[in-house]
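In: Pasting the sequence and the predicted model now:
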Amino acid sequence: MTLKPPSRPGILPSQSIEALIAGGAITSQTAFDKDQVQPASLDLRLSDRAWRVRASFLPGQRLVADRIADVAMHAIDLSGGVVLERGCVYIAELQERLSLPPGLIARANPKSSTGRVDVFVRLLTDRGARFDDVAEGYDGPLYLEISPQTFPILVRPGTRLNQLRLKAGDPPKLETRSVGVDLQSGDIVGYRGRRHAGVVDLDHIGGHDPKDYWEPVTLRRGELLLDPGEFYILASSDAVEIPVDQAAEMTPIDPSVGEFRVHYAGFFDPGFGTDEAHGAGSKGVLEVRTHDTPFLLEHGQTVARLVYEPLTERPSWLYGEGGSHYQSQGLKLSKHFGAWG
């Protein structure tokens with residue numbers, strides 16, 4: 001099947017991703033799930049093969065499989081479900097494989113639910129010089145580095161931890177917006193992860209009591225002190241809206257704003273927070289981890305930036321249509337947890 005190139009630079013919408021699958025540019029070890037294609041991204045799934053490794057790495061000019069052989073401690077069969085321990089580093093083979101046509105590149109990010117349980121994931125490609133970026137014309141397998149930071153996690157083949165966004169050409173940055181933190185919308189302004197909580201089953205939706213995993217965060221003197229090494233869930237001070245013909249990415253924090261990392265999961269799909277998709281007033285949820293220094297936050301303080309880019313065309317459906325755990329959200333934990341009550 002001949003793939004028609006996009007008519008203009010931009011992020012590919014759902015129908016273009018489906019065309020790439022139909023044309024063989026994206027293949028999988030098993031049949032694709034019906035809900036795997038999102039409005040402007042593709043969920044990626046774990047295979048049954050993984051390795052516990054002693055260090056993170058970039059493949060450079062080598063194959064990922066060759067580098068795994070250098071650093072692997074032992075192989076892991078995910079078939080029956082396996083617990084990945086916090087503080088450890090794992091590499092898993094993904095079910096999907098790419099054969100990108102000319103003019104297309106790709107970028108990966110953790111899924112929102114992955115970032116909200118403090119699981120650090122990064123995509124690896126053969127001979128890749130950067131994490132999460134897939135070069136034009138790449139033809140090969142995909143791997144995922146996984147490092148749980150706060151909770152041990154239970155995964156199995158088919159678990160979705162990250163997503164892929166495909167891009168044609170060099171689309172312009174339409175807008176960059178500063179994102180402030182909300183510390184005034186209620187008595188509870190956030191949640192801090194409990195360090196010695198139980199396992200989070202990443203395929204068990206709503207199956208965990210949030211009080212076993214999280215502590216509510218309140219303010220003292222109108223400020224929030226972030227403790228080094230702790231993980232927090234906070235919310236943006238302003239609503240976030242992604243127009244139906246655009247997509248956005250929350251960019252990592254830079255040292256000029258503060259010594260902490262915000263928002264592991266960076267993709268926002270078209271329609272998020274819009275009236276048309278019944279999501280007006282949606283906040284951006286911020287996953288915050290401090291570095292080595294305690295840091296004081298005040299209400300409205302800039303903690304991240306949201307970068308908007310055009311789609312090549314409007315997607316066939318919008319974020320939140322057909323159901324979503326995070327449309328119309330305020331301060332909200334990941335979909336793995338029941339209501340706080």
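Out: Perfect, thanks for sending it.
In: show me where pLDDT drops low in the stretch 1-150 of the chain?
Out: Low-confidence segments of the stretch 1-150 of the chain (pLDDT under 70): 1-5.
In: Tell me where it has helices.
Out: Listed in chain order, the helices of the stretch 1-150 of the chain (DSSP state H, counting those that start in this stretch) span 14-22, 64-71, 112-115.
In: With only the CA atoms kept, save the first one in PDB.
Out: As requested, the backbone C-alpha atoms of helix 14-22 are provided in PDB (Å, rounded to 0.1, in the frame of the first residue of the first chain):
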ATOM      1  CA  SER A  14      -5.700   9.400  14.300                       C
ATOM      2  CA  GLN A  15      -6.800   8.600  10.700                       C
ATOM      3  CA  SER A  16      -3.200   9.100   9.500                       C
ATOM      4  CA  ILE A  17      -1.900   6.800  12.200                       C
ATOM      5  CA  GLU A  18      -4.500   4.200  11.200                       C
ATOM      6  CA  ALA A  19      -3.300   4.600   7.500                       C
ATOM      7  CA  LEU A  20       0.300   3.900   8.600                       C
ATOM      8  CA  ILE A  21      -0.800   0.700  10.400                       C
ATOM      9  CA  ALA A  22      -2.800  -0.400   7.300                       C
END
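In: what packs against that helix?
Out: strand 26-28, strand 37-38, strand 160-168 (3 or more C-beta pairs under 8 Å, 6 or more residues apart in numbering; DSSP states H and E). Where C-beta positions appear, they are placed from N, C-alpha and C, glycine not excepted.
In: can I get the ones you listed in CSV with distance to Phe151?
Out: Listed next are the helices and strands packed on helix 14-22 as CSV, based on distance: least, C-beta to C-beta, whole Å:
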stretch, distance to Phe151
strand 26-28, 28
strand 37-38, 25
strand 160-168, 14
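In: returning to that earlier point: most tightly surrounded among the helices of the stretch 1-150 of the chain?
Out: helix 112-115 (a mean of 23; mean count of other C-beta atoms under 10 Å).
In: ok, Leu98 touching Ile21?
Out: No. Using C-beta atoms under 8 Å, Leu98 is not in contact with Ile21, being 10.9 Å away.
In: Look up which residues are beta-bridged to the closest residue to Ile188 other than its chain neighbours.
Out: Once flanking residues are discounted, Ile188 sits nearest to Pro216: 4.5 Å by C-beta to C-beta, 6 or more residues apart in numbering. When assigned by DSSP bridges, Pro216 has beta-bridge partners Tyr191.
In: is it true that Pro216 touches Gly193?
Out: No. Using C-beta under 8 Å as the test, Pro216 is too far from Gly193 to be in contact (11.8 Å).
In: Tell me how far Thr27 lies from Val155.
Out: 22 Å (C-beta to C-beta, to the nearest Å).
In: before we move on, back to that, just want to know which of Pro216 and Gly193 has more residues nearby.
Out: Gly193 (21 against 14; other C-beta atoms under 10 Å).
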